[in-house]
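S.K.: Build the 3D model from these lines:
(one chain, ligands or ions: 1)
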Amino acid sequence: MDKRGVTFIIFGATGDLAKRYLFPAIYTLLKEKKIEKCAVVGVARRPMNVQQLLNPSQEFIPHLNLSIWKQLEQSTVYHQLQFDAAQDYQKLALVLQNLEQKHSLFGNRILYLATLPQHFETITRNLASSKIATQTKQNWNRLVYEKPFGENLKSAQKINQCISRVFDESQVYRMDHYLGKELVGNISLVRFTNRILEPLWNKNHLESIQIILSEKLGLEGRGEFYDKSGALKDVVQSHMLQMLALIGMESPSKLTGDYIRNEKIKVLRKIKVKDVFMGQYDGFTREEGVQPTSKTETFAALKLELDNPRWKGVPFFLKTGKYLDKRETSIHLKFKMVECLLTKSCPTDSNYLTIRIQPNEGILFEMNAKVPGETYQVMPVKMELSQPDLNGPKMPDAYEHLLWQVIQGDQSVFVRNDEIEAAWKVIDEIKKKKLPVYAYAQGSKGPKELDEWSWKNKVRWRG
Ligand code: BG6
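M.R.: The predicted structure follows:
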């Protein structure tokens with residue numbers, strides 16, 4: 001438990017992210033008594049009161065506990081501010097001082113930039129000049145930057161340079177909420193705490209890897225943003241390349257902090273783009289905020305390789321899309337076939353290790369075993385670890401977990417400046433190619449033309 005308390009200052013507090021994830025996460029930290037006390041300052045441009053700010057979050061909190069909700073409400077104030085108005089930050093500094101005094105807080109602050117990335121530099125500079133985020137020996141101040149962090153390599157570099165001029169990297173937490181998901185956090189733990197896996201985790205034993213992030217949902221009112229972004233910038237640059245880095249990295253000397261990030265960056269820098277396929281769902285160009293002639297991709301499939309001794313020649317296949325037939329995020333490691341020693345019928349497939357990120361979180365190992373009653377015939381069977389069996393049906397929410405990590409000062413589940421830039425480099429390279437974009441029906445598995453692409457690249461998708 002954190003007894004000294006925290007002040008959360010949320011920029012972009014009237015947005016969807018704060019409503020759906022941040023306020024519910026702070027509520028849960030209070031409810032689970034991870035933090036004893038806190039103050040919350042919601043910061044945004046339009047006028048609003050605390051009830052208008054907080055109440056919409058209630059529908060995202062199951063079994064609302066009214067006394068905890070009251071505690072959150074009494075700890076919260078709303079502060080109207082124009083992101084570029086220096087005098088508004090001076091006023092904010094005073095608000096913070098009073099609030100921290102009122103709640104007997106020590107000035108440990110989380111400054112959460114839940115805004116679009118074009119505001120990051122302005123807010124960062126103003127936070128520095130108003131000394132709102134200046135830590136001392138007695139207290140810490142940490143800045144959290146929501147994704148997307150920029151819109152290409154150049155803009156990300158500019159934001160990183162701006163931050164590094166005024167803050168130390170040890171204060172900076174770049175968000176990728178996938179790193180807060182239980183099963184993503186489990187990848188390196190399962191890999192490096194079990195003797196049986198690591199010796200097989202390389203090109204000698206693995207034939208290919210699939211990382212799949214399928215969504216049933218569409219744009220959720222974010223047409224204008226998504227039209228400028230597309231699947232590659234929205235989820236491949238961040239969530240999918242982060243998962244790839246965790247699968248691909250070498251063993252860090254310790255499973256914590258920069259040891260992990262030092263290994264992930266080496267992977268991201270070795271990515272080679274081999275082939276890319278793109279699609280757009282029917283009706284995308286009629287969505288609100290989307291240009292009628294838009295060629296933005298809502299679906300992407302990629303073949304990547306890692307140019308290093310562990311992985312040389314092993315394809316990493318990535319596939320993602322909006323409005324597909326199902327919601328599923330999973331990683332599949334396909335092992336090579338063994339030589340067939342059976343005389344009647346050989347195994348139909350090799351072994352798979354599947355990490356199911358969501359839904360039905362768990363880890364599955366698929367192996368061949370004897371068909372009961374037969375003497376020389378095998379069939380694929382599954383050994384399964386189901387995550388809900390370990391921690392009950394309620395999976396910890398990613399944002400709640402990540403906010404708790406910020407409070408504890410653990411940066412390993414946040415993305416470092418160099419990782420962000422290396423990932424953008426990969427996406428910029430693909431974006432330059434001007435590839436065709438194939439149409440697909442909503443609720444389908446993606447464009448029909450994907451079959452030919454998959455056949456050409458020798459991939460049989462597992463999801
Ligand atoms: C976000 C993307 O980062 O991740 C969204 O901007 C996407 O477009 C979402 O829907 C997927 O996250 P999750 O946790 O629902 O799988």
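S.K.: What parts of the stretch 1-150 of the chain come near the ligand?
M.R.: Selection of the stretch 1-150 of the chain residues close to the ligand by Cβ under 6 Å from any ligand atom yields K147. The C-beta positions use only the backbone N, C-alpha and C, and glycine is treated the same way.
S.K.: One more pass at 8 Å, please.
M.R.: Where proximity means Cβ under 8 Å from any ligand atom, the interface of the stretch 1-150 of the chain facing the ligand comprises K147, P148.
S.K.: Residue in the stretch 1-150 of the chain with the shortest distance to the ligand?
M.R.: With distances taken as Cβ to the nearest ligand atom, the stretch 1-150 of the chain approaches the ligand most closely at K147, which sits 5.8 Å away.
S.K.: quick one, what contacts the closest residue to that residue other than its chain neighbours?
M.R.: Leaving out its chain neighbours, the residue that sits closest to K147 by Cβ to Cβ, 6 or more residues apart in numbering is S238, at 5.2 Å. Listed by Cβ atoms under 8 Å, 6 or more residues apart in numbering, the contact set of S238 reads K147, P148, D176, Y178, V415, A423.
S.K.: Is it correct that the fourth one is in contact with L241?
M.R.: No: using Cβ atoms under 8 Å, Y178 makes no contact with L241, being 10.1 Å away.
S.K.: ok, those two, which is more surrounded?
M.R.: Neighbour tally, Y178 and L241, criterion other Cβ atoms under 10 Å: the higher count belongs to L241, 30 against 23.
S.K.: can you tell me how far that one sits from G289?
M.R.: Applying Cβ to Cβ, to the nearest Å, one obtains 26 Å for the distance of L241 from G289.
S.K.: try V314
M.R.: 40 Å.
S.K.: What are the buried residues along the helix or strand of the chain with the lowest mean pLDDT?
M.R.: Considering only helices and strands, the least confidently modelled element of the chain by mean pLDDT, DSSP states H and E is helix 387-391, at a mean of 77. Along helix 387-391, these residues count as buried under the neighbour rule (16 or more other Cβ atoms under 10 Å): Q387.
S.K.: could you point out which element follows it?
M.R.: Using DSSP states H and E, the next helix or strand after helix 387-391 towards the C-terminus is helix 398-408.
S.K.: coming back round to it: what packs against the least confident helix or strand of the chain?
M.R.: In this structure, helix 387-391 makes packing contacts with helix 182-193, judged by 3 or more Cβ pairs under 8 Å, 6 or more residues apart in numbering; DSSP states H and E.
S.K.: what does the helix it packs on rub up against?
M.R.: Judged by Cβ under 8 Å, 6+ apart, the contacts made with helix 182-193 from elsewhere in the structure are 178-179, 197-198, 201, 242-243, 246-247, 249, 251-252, 255, 260, 331, 355-358, 361-363, 387, 391, 395-396, 401, 413.
S.K.: Could you list the alpha-carbon positions for that helix in PDB?
M.R.: Provided in PDB are the C-alpha atoms of helix 182-193 (Å, rounded to 0.1, in the frame of the first residue of the first chain):
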ATOM      1  CA  GLU A 182      -1.900 -10.000 -17.600                       C
ATOM      2  CA  LEU A 183      -0.800 -12.400 -20.300                       C
ATOM      3  CA  VAL A 184       1.500 -10.000 -22.000                       C
ATOM      4  CA  GLY A 185       3.200  -9.500 -18.700                       C
ATOM      5  CA  ASN A 186       3.400 -13.300 -18.500                       C
ATOM      6  CA  ILE A 187       5.400 -13.700 -21.700                       C
ATOM      7  CA  SER A 188       8.900 -13.100 -20.300                       C
ATOM      8  CA  LEU A 189       8.100 -14.700 -16.900                       C
ATOM      9  CA  VAL A 190       7.000 -18.000 -18.600                       C
ATOM     10  CA  ARG A 191       9.900 -17.900 -20.900                       C
ATOM     11  CA  PHE A 192      12.600 -17.200 -18.400                       C
ATOM     12  CA  THR A 193      11.500 -19.000 -15.300                       C
END
